[in-house]
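Colleague: The sequence and its predicted three-dimensional model are supplied below.
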Amino acid sequence: MGGGELPGLLVNEIGGVHGILHGHVAFLEKHFYLITMKEFLENKKQMSKKIQAIYLWWHKPVVDRELLQSLPNLKVIANSGVGMEHLDLKLVASFGVRMANAPRAVSSSTADTGMALLRASARRLVEGNI
């Protein structure tokens with residue numbers, strides 16, 4: 001991960017349970033200098049000015065007043081999932097930061113899974129798989 005002229009993108013981590021998928025890294029690195037939360041916390045003074053965006057994956061990193069105050073050049077927060085109830089949108093807006101969300105991004109797969117679970121329940125498939 002190199003700095004260059006690319007804007008900094010704060011991510012929780014790469015890989016792991018709450019990290020962005022390795023498959024997303026190459027695309028993101030074309031447009032951003034990726035900064036993990038660990039790197040940010042280890043060197044807040046230098047990193048805080050570089051970060052212009054936050055990419056939330058599994059609601060991580062947690063966006064609160066302290067984080068927003070520490071990122072003077074933050075312009076946008078991109079939420080990777082559906083729903084933004086985990087964010088204080090008024091607080092985010094009060095810092096002049098814009099939000100990006102992906103409504104309906106997983107609507108079809110959620111509906112498919114729901115229907116599969118209903119059918120499995122109606123046909124008692126789990127009981128028959130013992």
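Modeller: On my side now, so go ahead. Quick caveat: nothing in here was measured; it's all calculated off a predicted structure. Numbering: from 1, shown residues only.

Colleague: from here on, contacts and neighbour counts on C-alpha atoms
Modeller: Fine.

Colleague: And the contacts of the lengthiest strand in the chain?
Modeller: When the chain is parsed with DSSP state E, its longest strand is strand 51-56. With contacts defined as CA atoms under 8 Å, 6 or more residues apart in numbering, strand 51-56 is touched by 7-12, 35, 71, 73-80.

Colleague: same thing but 7 Å
Modeller: Residues external to strand 51-56 that are found in contact with it (CA atoms under 7 Å, 6 or more residues apart in numbering): 7-11, 71, 73-80.

Colleague: Spatially central residue in this protein, please.
Modeller: Nearest residue to the geometric centre of the chain (CA atoms, centre = their mean): residue 56, 1.5 Å.

Colleague: what pairs with it across the strands?
Modeller: residue 79 (DSSP bridges).

Colleague: ok, back up a step: going through the contacts of strand 51-56, which ones are buried?
Modeller: Among these, the ones that count as buried by 16 or more other CA atoms under 10 Å are 7-11, 71, 73-74, 76-80.

Colleague: among the residues you listed, which one has the lowest pLDDT?
Modeller: Least confident entry in those, by pLDDT: residue 80, with 82.

Colleague: Residue 101 versus that residue, what's the distance?
Modeller: 7 Å (CA to CA, to the nearest Å).

Colleague: Could you do residue 108 as well?
Modeller: Remark: distance between residue 108 and residue 101 (CA to CA) = 17 Å.

Colleague: Residue 40 too?
Modeller: For residue 40, the distance to residue 101 equals 24 Å [CA to CA].

Colleague: of these two, who's got more company?
Modeller: Neighbour totals were compared for residue 40 and residue 101, and residue 40 leads with 18 against 15 (other CA atoms under 10 Å).

Colleague: wait, isn't the more buried one in contact with residue 49?
Modeller: No - using CA atoms under 7 Å as the test, residue 40 is too far from residue 49 to be in contact (10.5 Å).

Colleague: sorry, back to before: which ones among the contacts of strand 51-56 map onto strands?
Modeller: 8, 9, 10, 11, 76, 77, 78, 79.
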